[in-house]
Structure formats: C-alpha cells, structure tokens
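**Student:** Provided below are the primary sequence and the corresponding predicted coordinates.
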Amino acid sequence: MSEERKPVVAQDQVGALTQIVRTLRLVWRLFNDTRVHWFPKLIIPPAILYVLSPIDLIPDPMLGLGQLDDLGILALAIALFIEFCPRAIVEEHRRAIATERAPTAADESVIEGSYREVSPDEAPR
C-alpha cells in the first residue's frame, strides 16, 4: 500500500468482527453517497449475485472450500469498490464511522464506584 493510500483513521486494537462491521458500514455509506460516481457502484451488485447464485467456481457441498470462493469474491469486490471511490469521500466516511459512538469517560451509562472486601469479623450483625 502506498503512503498516500494508507487509512486515515488509525486502526485501533479492535476485534475482527468489529472491523468487518465498520467496513460493511463504510461500503453502505459510500454506495448511498451521491458524490461517488456510478462506475464503482457497479462492482458490488455482481459480487452479491455471485454469492447468492447456485453456480460457483468451487461447489458449495465441499465442506468449507465451497464458501471460500464466495468470501474471496466478496472481499475482492469490497476492496476494489473502496479503492475506486474518491479518497476524500472515503476518509470523510471513515472518520464519521469512527466518531459515531466512541465511548467516553463521561458516558452516562457508566456508574463509577469503589468497593472493599469485608471479612466475616467486620460484618455487621
């Protein structure tokens, strides 16, 4: 990856599932953005049709291997789609996704407190 194509938002230490969800949200936002040209948007529908199609390069009954070609085609389509979208728009959406719901120290759903262990001798009677 060249220097100018590196991700703008730093990849913090998140799990794989979180990263997949963020990428899918990015694809959804870019696909619905009117500033993105129609040409990159032509990449995603055929990939989805291939995944849903009963015709595969590797038959699905082969345990595990049948789904790998589907995942490979889908991953390639997503990577190409993001690569062909204008860089500034991709950066804008990545920042928006990263800042949508970042937990903060002043989050209202967090109750701070302290505790101490009480031995049986100290317990009130």
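**Tutor:** Here it is on my side, so go on.

**Student:** From now on I want contacts and neighbour counts done on CA atoms only, so please keep to that.
**Tutor:** OK.

**Student:** Now do the helix or strand hosting Val21: distance to the chain's middle.
**Tutor:** Assessed by DSSP states H and E, Val21 sits inside helix 16-32. Distance of helix 16-32 from its chain centroid, counting by C-alpha atoms, centre = their mean, to the nearest Å, is 4 Å.

**Student:** buried stuff in it?
**Tutor:** 23, 26-27, 29-31 (16 or more other C-alpha atoms under 10 Å).

**Student:** mind saving the C-alpha coords of that helix as CSV?
**Tutor:** Output in CSV follows, covering the C-alpha atoms of helix 16-32 (Å, rounded to 0.1, in the frame of the first residue of the first chain):
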residue,chain,number,x,y,z
ALA,A,16,-12.0,-8.8,13.6
LEU,A,17,-15.8,-8.7,13.8
THR,A,18,-15.8,-5.0,14.7
GLN,A,19,-13.6,-4.3,11.7
ILE,A,20,-15.8,-6.2,9.4
VAL,A,21,-18.9,-4.3,10.6
ARG,A,22,-17.1,-1.0,10.1
THR,A,23,-16.1,-2.0,6.6
LEU,A,24,-19.6,-3.0,5.7
ARG,A,25,-20.9,0.3,7.1
LEU,A,26,-18.3,2.1,5.0
VAL,A,27,-19.4,0.3,1.9
TRP,A,28,-23.1,1.0,2.6
ARG,A,29,-22.4,4.7,3.2
LEU,A,30,-20.3,5.0,0.1
PHE,A,31,-22.8,3.1,-2.0
ASN,A,32,-25.6,5.6,-0.9
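
**Student:** Alpha carbons of the helix or strand that it is followed by, in CSV - could you do that?
**Tutor:** Following helix 16-32 in sequence order, the next helix or strand is helix 38-41 (DSSP H and E). Taking Å, rounded to 0.1, in the frame of the first residue of the first chain, the C-alpha atoms of helix 38-41 are listed here in CSV:
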residue,chain,number,x,y,z
TRP,A,38,-21.8,5.2,-10.7
PHE,A,39,-18.8,3.2,-12.0
PRO,A,40,-17.5,1.9,-8.7
LYS,A,41,-21.1,1.2,-7.6
